[in-house]
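Asks: Provided below are the primary sequence and the corresponding predicted coordinates.
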Amino acid sequence: MADTVMTAGTARPAWWKHLYVQVLIAIALGVALGSIRPDWGAAMKPIADAFIKLIKMVIAPVIFLTLVSGIAHMRALGELGRVVLKAFAYFITVSTFALIIGLVIANVVQPGAGLNIDPRTLDGSAVAGYVGEAQHATISAFLLDIIPTTPLSALTEGSILQVLFVAILVGVSIALVGDPAEPVVELVDRLAVIVFRLVALIMRLAPLGAFAAMAFTIGHYGLGVLANLAGLVATFYVTSLLFVLIVLGTIARLNGFSVLRLIAYLKSELLLVLGTSSSEAALPPLIARLESAGCAPGVVGLVVPLGYSFNLDGTNIYMTLAALFIAQACGVDLSLAEQIALLAVAVISSKGAAGVTGAGFITLAATLAVVPSVPIAGMALILGIDRFMSECRALTNFVGNAVATIVVARWEGALDKDMLDRALRPRDQ
């Protein structure tokens, strides 16, 4: 009785054994430690980094096995092409809408107005590294980086796009071979079961990872860093929340489900994203959860990894909002034509830098380069709070990709509506 709660004749785990409860408690403890003993909190960084590395260790095999299995089971390559086209149509439409929302909100709220920052007083060296990375965040670099040196190197170099590239080629090859490749398909399916069990074992350490990550963030940066730029942070969080509730909520309702129920269903994964400031930390469990919610494995294995590279709703809102904040803070009045040019470049740069570490900040530098009147050194204004804003970016990106996968699965006729309803409306609620 100490470990279970009896409900209607069935045993459920006690409340403290739920992963989302453990992660929530861990986040609270991390905030407390970082606030009370900042030096101890900052010292938690190696533990946080180790957990993220554990998660990244299994991302490549999870994506590879899931995608290869899904494509191999499709057998009809026309089906693969339809899924990709539908996914990209969704990504481009919703991502562009997110960019426009950030632009509109920045013009209406004007969070940077009145700061009157002299660009000559800013320390550009603080963001020089990001500017250098942005120079490589081009479409040509993207096309070259997507092809790995060898098929195996795609699984070892940590690039989601390279894993996607190799997995699609292998899956298509197996599908073309047909029945003689059936033993290989069975082997892939069995390996996937083992890898997902490994993911389950690693996820038991999620509370520790969330605790360490949050303790480091608060201990290293301090809560006080939010005070001076609270307006921008609040505007970004509110805009992202409205995007999720109104835009994604409308898309979800038009496709027969509730975004709020989806968020409740994914609460454990969302808390993990919040604690680690990384949506990648919850990628493997997201794949398993969406399959359990009735989405076909082939669609999930394709749309989720693609979405992590091309469907970054939170990052897109951040890019246009932050760009206009910097312009307003430095007293630069951008014309409508300059804002449209900035928007157009953001649509491209947000895709070209897919898979780059710190993509939000890097793509912001690439986007600002198109408007010379806005000093790139102005990025130093938001460098201190970028870590706090990254949490909101990651949460919005995560929810956006979950919604996208269900929608594309429904469009493709690969969604079990009864399973989705059971998942989002559990009997014990």
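Replies: Noted; the coordinates are in hand.
Asks: tell me the average confidence for stretch 389-408?
Replies: Summarised as a single mean, pLDDT over stretch 389-408 is 89.
Asks: Repeat that for stretch 45-54.
Replies: For stretch 45-54, mean pLDDT rounds to 82.
Asks: Give me the contact list for it.
Replies: If you take CB atoms under 8 Å, 6 or more residues apart in numbering as the criterion, stretch 45-54 is touched by 202, 205-206, 208-209, 212-213, 215-216, 220, 276, 278, 280-281. Using the backbone N, CA and C atoms, a C-beta is placed for each residue, glycine as well.
Asks: let's go with 7 Å and repeat that
Replies: With CB atoms under 7 Å, 6 or more residues apart in numbering as the contact definition, stretch 45-54 has outside contacts at 202, 205, 208-209, 212-213, 216, 276, 278, 281.
Asks: from the residues you listed, which ones fall inside helices?
Replies: Those of the contacts of stretch 45-54 mapping onto helices are 202, 208-209, 212-213, 216, 276, per DSSP state H.
Asks: pLDDT-wise, what's the bottom of the residues you listed?
Replies: Scoring the ones in helices among the contacts of stretch 45-54 by pLDDT puts residue 276 last, at 72.
Asks: returning to what we had before: rebuild the ones in helices among the contacts of stretch 45-54 as a markdown table, extending it with neighbour count and distance to residue 24.
Replies: Shown next, in a markdown table, are the ones in helices among the contacts of stretch 45-54 (neighbours: other CB atoms under 10 Å; distance: CB to CB, whole Å):
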| residue | neighbour count | distance to residue 24 |
| --- | --- | --- |
| 202 | 17 | 19 |
| 208 | 18 | 14 |
| 209 | 28 | 14 |
| 212 | 27 | 15 |
| 213 | 28 | 14 |
| 216 | 25 | 18 |
| 276 | 26 | 13 |
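Asks: closest to residue 343 among the contacts of stretch 45-54?
Replies: Closest approach to residue 343 among the contacts of stretch 45-54 (CB to CB): residue 278, at 26.8 Å.
Asks: any weak-confidence spans in the stretch 201-350 of the chain?
Replies: Residues of the stretch 201-350 of the chain meeting the criterion pLDDT under 70: 221-229, 277, 348-350.
Asks: hey, where'd the helices end up in it?
Replies: Counting by DSSP state H, counting those that start in this stretch, the stretch 201-350 of the chain has helices at residues 206-221, 230-242, 249-254, 259-265, 267-276, 283-292, 297-310, 313-329, 336-352.
Asks: Indicate which one of those is closest to residue 185.
Replies: Of these, nearest to residue 185 by CB to CB is helix 297-310, at 11.9 Å.
Asks: helices and strands around that closest one, which ones?
Replies: helix 45-74, helix 77-109, helix 160-177, helix 283-292, helix 386-411 (3 or more CB pairs under 7 Å, 6 or more residues apart in numbering; DSSP states H and E).
Asks: Relative to residue 347, which of those is closest?
Replies: Of all those, helix 77-109 sits nearest to residue 347, with 5.8 Å by CB to CB.
Asks: What residues of that closest one count as buried?
Replies: The neighbour-count check on helix 77-109 (16 or more other CB atoms under 10 Å) flags 79-80, 82-83, 86-88, 90-91, 94-103, 105-106, 109 as buried.
Asks: check contacts around residue 280.
Replies: Contacts of residue 280 (CB under 7 Å, 6+ apart): 55-56, 59.
Asks: Of these, which is the most crowded?
Replies: Neighbour counts for the contacts of residue 280 (other CB atoms under 10 Å) peak at residue 55, which has 24 neighbours.
Asks: Check the gap between it and residue 48 for me.
Replies: Between residue 55 and residue 48 the computed distance is 11 Å (CB to CB, to the nearest Å).
Asks: swap in residue 56?
Replies: Distance of residue 56 to residue 48, computed by CB to CB: 13 Å.
Asks: Could you identify which of the helices of the stretch 201-350 of the chain is most buried?
Replies: The highest average neighbour count among the helices of the stretch 201-350 of the chain, using mean count of other CB atoms under 10 Å, belongs to helix 313-329 at a mean of 27.
Asks: nearest residue to residue 110 other than its sequence neighbours?
Replies: The spatial neighbour of residue 110 that comes closest, neighbours along the chain excluded (CB to CB, 6 or more residues apart in numbering), is residue 328 at 5.6 Å.
Asks: In contact with residue 283, which residues?
Replies: Going by CB under 7 Å, 6+ apart, residue 283 touches 59, 304, 308.
Asks: what's the distance between the second one and residue 314?
Replies: In other words, residue 304. As defined by CB to CB, residue 304 lies at a distance of 16 Å from residue 314.
Asks: just to revisit the earlier point, my guess is the residue nearest to residue 110 meets residue 113, correct?
Replies: Yes: in terms of CB atoms under 7 Å, residue 328 counts as a neighbour of residue 113; the distance is 4.9 Å.
Asks: what about the residue lying closest to residue 292 once chain neighbours are set aside, which helix or strand?
Replies: What sits nearest to residue 292 in space, not counting adjacent residues and going by CB to CB, 6+ apart, is residue 423, at 6.2 Å. Assigned by DSSP states H and E, residue 423 falls within helix 417-424.
Asks: Report how many residues lie close to residue 245.
Replies: Residues near residue 245, counting by other CB under 10 Å: 13.
Asks: Without its sequence neighbours, what residue ends up closest to it?
Replies: Closest residue to residue 245 apart from its sequence neighbours, by CB to CB, 6+ apart: residue 259 at 7.1 Å.
Asks: Tell me who's in contact with the one you found.
Replies: Contact partners of residue 259, counting by CB under 7 Å, 6+ apart, are 244, 248-249, 252, 403.
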